[in-house]
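Participant: Return a 3D structure for these sequence lines:
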Amino acid sequence: MKIAIVTGASSGIGKEFVKQLPHFYRTLDEIWVIARRRDRLETLKRESCLPLRIFEGDLLEEHFYTNLENFLEAEKPELRMLVNAAGFGKKGTVSEIAEKEPSIQTKMVDLNCRALTKITLACLPYLSKGSRIINVASAAAFAPQPSFAVYAATKSYVLSFSNGLGAELEGQGIRVTAVCPGPVDTEFFTISGKLTNRWKNAAMARPENVVKKALLDSRKGKTVSVYSIPIKAAQMGAKLFPHRLIMKAGICSEQLRKQ
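Facilitator: Model prediction:
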């Protein structure tokens, strides 16, 4: 049985991957979708042109991985694509966020980094030549970001982990792509906080466009997928300029916005 697995499948980028994967992999038998909100997954299942197997659960709970590993062991599927799209961010300084929601930043690390790693480790035995892994990172991975410090750090981990893992798996014919979009028009900002930066608002992308490019880049074997010219420019800037200057510019911009 040929399958794809998508985490964070109930909304945003994850949901869009579920919608586009059947057109990308025409030989898939099923997509296994992972998220906490079963009602949304059931709706997605009714709309899908491909059978979906629902795994309702919280990736922060250890027993979820035991259940998934048991299913994988029982089915022994041919895993053609793993998409790690689950994650969230929170805007504000580390101190501000800690005062309002004391545990949210460590949960961010657990979901964005630890859960992504655990899912990947559980799935590795079922990948084979021609399989692909897509990890949803962010343009925030390119440089540290004041007022988004923990989120940017978690996405830097995702980018680094993807590049390292991709190098390890290249000899087996398994490709790993880190997707690094800028702002995407999803529910992300409902949780993280409203986007106030004009430049970032202007660079807002549609999830269907980001996912389409990610799938095409994965097919080409690219290690990083970056959508839109402004975000590619940001990626280049992060390579050319010292991060301390980039951070200083970000702090000044935030201070001017608050005046």
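Participant: any idea where the strands of this protein begin and end?
Facilitator: 2-7, 30-35, 52-56, 78-84, 127-136, 175-179, 224-225 (DSSP state E).
Participant: Can you give the distance of the last one from its chain's centre?
Facilitator: Here the centre of strand 224-225 is set off from its chain's centre by 12 Å, with Cα atoms, centre = their mean, to the nearest Å.
Participant: Use 846 as the first number for this chain going forward.
Facilitator: Sure, I'll start counting at 846 from here, so that last one is strand 1069-1070.
Participant: now the helices for the stretch 996-1104 of the chain?
Facilitator: With DSSP state H, counting those that start in this stretch as the criterion, the stretch 996-1104 of the chain has helices at 1033-1037, 1043-1047, 1052-1064, 1074-1085, 1088-1103.
Participant: want to try TSV for the strands of the chain, with mean neighbour count, mean pLDDT and distance to Lys1084 as columns?
Facilitator: From N, CA and C alone the C-beta is placed, and that goes for glycine too. As requested, the strands of the chain are arranged in TSV below (neighbours: other Cβ atoms under 10 Å; pLDDT from 0 to 100; distance: least, Cβ to Cβ, whole Å):
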stretch	mean neighbour count	mean pLDDT	distance to Lys1084
strand 847-852	23	98	29
strand 875-880	24	98	34
strand 897-901	17	97	38
strand 923-929	24	98	24
strand 972-981	20	98	20
strand 1020-1024	26	98	15
strand 1069-1070	20	98	12
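Participant: The closest residue to Leu1004 other than its chain neighbours and Ala994: what is the separation?
Facilitator: Spatial nearest neighbour of Leu1004, excluding adjacent residues (Cβ to Cβ, 6 or more residues apart in numbering): Ala986 at 4.1 Å. Separation of Ala986 from Ala994 (Cβ to Cβ, to the nearest Å): 13 Å.
Participant: Who has more neighbours out of those two?
Facilitator: Neighbours per residue (other Cβ atoms under 10 Å) separate Ala986 from Ala994, with Ala986 holding more: 24 against 18.
Participant: Test my guess that the more buried one contacts Pro1026.
Facilitator: No. Counting by Cβ atoms under 8 Å, Ala986 does not reach Pro1026; the two are 10.4 Å apart.
Participant: who touches both of these two?
Facilitator: Shared contacts of Ala986 and Pro1026, defined by Cβ atoms under 8 Å, 6 or more residues apart in numbering, are absent.
Participant: tell me which helix or strand of the chain sits lowest on mean pLDDT?
Facilitator: Every helix and strand of the chain was ranked by mean pLDDT, DSSP states H and E. The lowest is helix 1088-1103, at a mean of 55.
Participant: if we can go back for a sec, now the strands of the chain as JSON lines including distance to Phe862?
Facilitator: Below are the strands of the chain laid out as JSON lines (distance: least, Cβ to Cβ, whole Å):
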{"stretch": "strand 847-852", "distance to Phe862": "5"}
{"stretch": "strand 875-880", "distance to Phe862": "9"}
{"stretch": "strand 897-901", "distance to Phe862": "12"}
{"stretch": "strand 923-929", "distance to Phe862": "5"}
{"stretch": "strand 972-981", "distance to Phe862": "7"}
{"stretch": "strand 1020-1024", "distance to Phe862": "10"}
{"stretch": "strand 1069-1070", "distance to Phe862": "12"}
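Participant: how about the ones you listed, which one is nearest Leu956?
Facilitator: Closest approach to Leu956 among those is made by strand 847-852 (9.6 Å; Cβ to Cβ).
Participant: Give me the neighbour count for Ile1074.
Facilitator: Ile1074 - counted by other Cβ under 10 Å - has 9 other residues nearby.
Participant: Show the model's pLDDT score for it.
Facilitator: As predicted, Ile1074 sits at a pLDDT of 88.
Participant: center of this protein - which residue?
Facilitator: In the chain, the residue lying closest to the centroid (Cα atoms, centre = their mean) is Val981, at 2.3 Å.
Participant: My read is that that one contacts Gly934, right?
Facilitator: No. Using Cβ under 8 Å, Val981 is not in contact with Gly934; the gap is 11.7 Å.
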